[in-house]
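Novice: my questions are about this predicted structure, shown below with the sequence.
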Amino acid sequence: MDGADFGVYLHMPFCVAKCRYCDFNSYAGLGGLIPDYLAALAAEMEAVASQVARGRARTLYVGGGTPSLLAADQISAMIALVRRLFALPESAEVTLEANPGTVDERYLRDIARAGVNRLSLGVQSFDDTRLRSLGRIHNAAEAVAACEAARRAGFGNLSLDLIYATPGQTVAELLADLAQVKALAPEHLSLYALQIEAGTPLAADVAAGRVEPLSADSAVDLWQAAAEALSASGYERYEVSNWARGGQEGDLLSCRHNLVYWRYEEYLGFGAGAHSYFAGRRYANVAAPREYVARISAGREAVLAEEETSPIQAARDALMLGLRLNEGVDPAEFRLRFGVDLAADCASDLLALSGLGLVVWPAARLVVTERGRLLLHEVLVRLLPELQVA
């Protein structure tokens, strides 16, 4: 394997309880598997590291599931292993996802000492009724307490996840959530619209008529109200669903690891169900945690599916991801990386989209407008089929 600097993702599929809306690769009741799982994770990293010819990790993200179910010494050992195997710098961003109902100040101090310097709390809402309807294990008071404990533990880079467009949610209710965000002043906020995912309890409730999802028009109203409120609170959107405040140097405290994905750069994923993109190849591990452990323990690869990425697919993926960012896509750089001339291939479509107020074009960078973000699917439907590799 050969590559430049890359991100590293470690997946922890363990949860106290499965949320009603969640279709992530996560499982309740598997806590007893954690020691064997971490041993398998270490073995997988050792095997992959022996194949990486050059480059080093630039970010580390520990996601799930609920990684905060791991003990601090287990987290410390994982971080140390990534530093040793992939030359992760001491100054690199190291993010750990946590559920507010699973942490206290002592634990947060311990993981900070272990090397975690960015904490991502899955708050989802500050409304107890909504938290119960989503199946979250924490309440609003515990969410606030976790944020305050993180500050006392020394975290200067705190990120919160919120979900909006939940059934029956009003603009006033969302603004109340965002007022609490303003009061807690996290450096980063991810604000995602609720998705009704097939196979989840929430989807079953919707199908049975027990729950009525919010209309698309109501979701747009919430989106626009959130954008105004967050901008007034000093946050800047740098990606469709992500907001950040400025740091000491004036730079936005965006999630550096997720920028690896959105800028179509390389990353290595480890653990059950983890995905990777490296040296022109995409691959995914087996999802079931017990099968993952069994494969690694038997000396087999965890990879279940893989594919070589064609030049045209790479270009399409990069454009689809890049247009989610405020910075957009640099056509000159895009041509150098992928051999695709956006200005030539998409000339008429770009002008038409510009006329509709969906993109800024012609310009040094191709970016979508605020209206274009709401209609990003339509923008991509126009542009992606037109791409040609020279």
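Specialist: Good, I have the coordinates.

Novice: CA atoms for contacts and neighbours, from now on please.
Specialist: Noted.

Novice: thought Trp361 was touching Ser348?
Specialist: No - counting by CA atoms under 8 Å, Ser348 is not a contact partner of Trp361; they are 10.9 Å apart.

Novice: more crowded one of the two?
Specialist: Trp361 (19 against 12; other CA atoms under 10 Å).

Novice: for that one, which non-adjacent residue is spatially closest?
Specialist: Take Trp361 and drop its neighbours on the chain: the residue closest to it by CA to CA, 6 or more residues apart in numbering is Ser354, 5.8 Å away.

Novice: the one you found should be in a strand, yeah?
Specialist: No - looking at Ser354 with DSSP: H, G, I helix; E, B strand; the rest coil, it is helix, so not inside a strand.

Novice: distance check, it against Val240.
Specialist: Going from Ser354 to Val240 by CA to CA, to the nearest Å gives 19 Å.

Novice: ranges for the helices of the stretch 151-300 of the chain?
Specialist: Assignment of helices within the stretch 151-300 of the chain using DSSP state H, counting those that start in this stretch yields the ranges 171-184, 201-207, 216-232, 256-262, 289-297.

Novice: what's the mean pLDDT across the third one?
Specialist: Pointing back at helix 216-232 there. Summarised as a single mean, pLDDT over helix 216-232 is 96.

Novice: might one say that Asp128 is in contact with Glu142?
Specialist: No - using CA under 8 Å, Asp128 is not in contact with Glu142, being 10.3 Å away.

Novice: these two: who's more crowded?
Specialist: Just comparing Asp128 and Glu142: by other CA under 10 Å the higher neighbour count belongs to Glu142, 19 against 14.

Novice: which of the three states applies to the more buried one?
Specialist: Under three-state DSSP, Glu142 falls in the helix class.

Novice: so who does it touch?
Specialist: 100-101 (CA atoms under 8 Å, 6 or more residues apart in numbering).

Novice: if I look at it, how far off is Gly280?
Specialist: Distance from Glu142 to Gly280, by CA to CA: 43 Å.

Novice: repeat that for Glu90.
Specialist: 28 Å.

Novice: those two: which is more packed in?
Specialist: Neighbour comparison, Glu90 and Gly280: the larger count goes to Gly280, with 15 against 10 (by other CA under 10 Å).

Novice: the more buried one contacts Ile312, doesn't it?
Specialist: No - counting by CA under 8 Å, Gly280 sits too far from Ile312 to count as a contact (11.9 Å).

Novice: check the secondary structure at the closest residue to His138 other than its chain neighbours for me.
Specialist: Leaving aside its chain neighbours, His138 sits nearest to Gly101 (4.7 Å; criterion: CA to CA, 6+ apart). Of the three states, Gly101 takes helix under three-state DSSP.

Novice: what's the span of stretch 337-352 from first residue to last?
Specialist: 26 Å.

Novice: ok, and what's touching it?
Specialist: Here stretch 337-352 has contacts from 311-312, 314-315, 331-332, 334-335, 359, 361-362, 382-383, 386-390, using CA under 8 Å, 6+ apart.

Novice: which of those residues are buried? Put it as a ChimeraX command.
Specialist: The ChimeraX selection below is limited to those of the contacts of stretch 337-352 classed as buried (16 or more other CA atoms under 10 Å):
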select :311,312,314,315,331,334,335,359,361,383,387,388
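
Novice: among the contacts of stretch 337-352, name the ones in helices.
Specialist: In this view, these that belong to helices under DSSP state H are 311-312, 314-315, 331-332, 334-335, 382-383.

Novice: so the residue nearest to Trp361 sits right up against Leu366, yeah?
Specialist: No - counting by CA under 8 Å, Leu366 is not a contact partner of Ser354; they are 10.2 Å apart.

Novice: intersection of neighbour lists for the two?
Specialist: Common neighbours of Ser354 and Leu366 are listed as Val360 (criterion: CA under 8 Å, 6+ apart).

Novice: between those two, which has more neighbouring residues?
Specialist: The neighbour comparison of Ser354 against Leu366 (other CA under 10 Å) goes to Leu366, with 22 against 17.

Novice: let me see the contact set for that one.
Specialist: Residues in contact with Leu366 (CA under 8 Å, 6+ apart) are 323, 328-331, 359-360.

Novice: what pairs with it across the strands?
Specialist: Val329 (DSSP bridges).

Novice: with Asn99 as the reference, measure out to it.
Specialist: Using CA to CA, Leu366 is found at 37 Å from Asn99.

Novice: return the backbone torsion pair for Leu96.
Specialist: Phi and psi for Leu96, reported as degrees, to the nearest 10, are phi -130, psi 130.

Novice: so it is in contact with Ser120, correct?
Specialist: Yes - here Leu96 reaches Ser120: they are 6.1 Å apart, a contact under CA under 8 Å.

Novice: isn't Cys15 up against Leu70?
Specialist: No - applying CA under 8 Å as the test, Cys15 and Leu70 come out as separate, 10.4 Å apart.

Novice: give me the more crowded residue out of those two.
Specialist: In terms of neighbours (other CA under 10 Å), Cys15 is the more surrounded of Cys15 and Leu70; the figures are 21 against 16.

Novice: residues touching the more buried one, list them.
Specialist: 26-30, 65-66, 69.

Novice: go again using 7 Å as the cut-off
Specialist: By CA atoms under 7 Å, 6 or more residues apart in numbering, Cys15 lies in contact with 26-28, 65-66.

Novice: could you find the closest non-adjacent residue to it?
Specialist: Ala28 (4.7 Å).

Novice: tell me the pLDDT at the one you found?
Specialist: 96.

Novice: what's the answer for the one 5 residues further on, then?
Specialist: Predicted confidence (pLDDT) at Leu33: the value is 98.

Novice: related to what we said a few turns ago, quick one, phi/psi of the residue nearest to Cys15?
Specialist: For Ala28, the backbone dihedrals (degrees, to the nearest 10) come out as phi -90, psi 150.

Novice: tally of neighbours for it?
Specialist: When neighbours are defined as other CA under 10 Å, Ala28 has 14 of them.

Novice: my guess is it contacts Val16. True?
Specialist: Yes - with contact defined as CA atoms under 7 Å, Ala28 counts as touching Val16 (5.3 Å).
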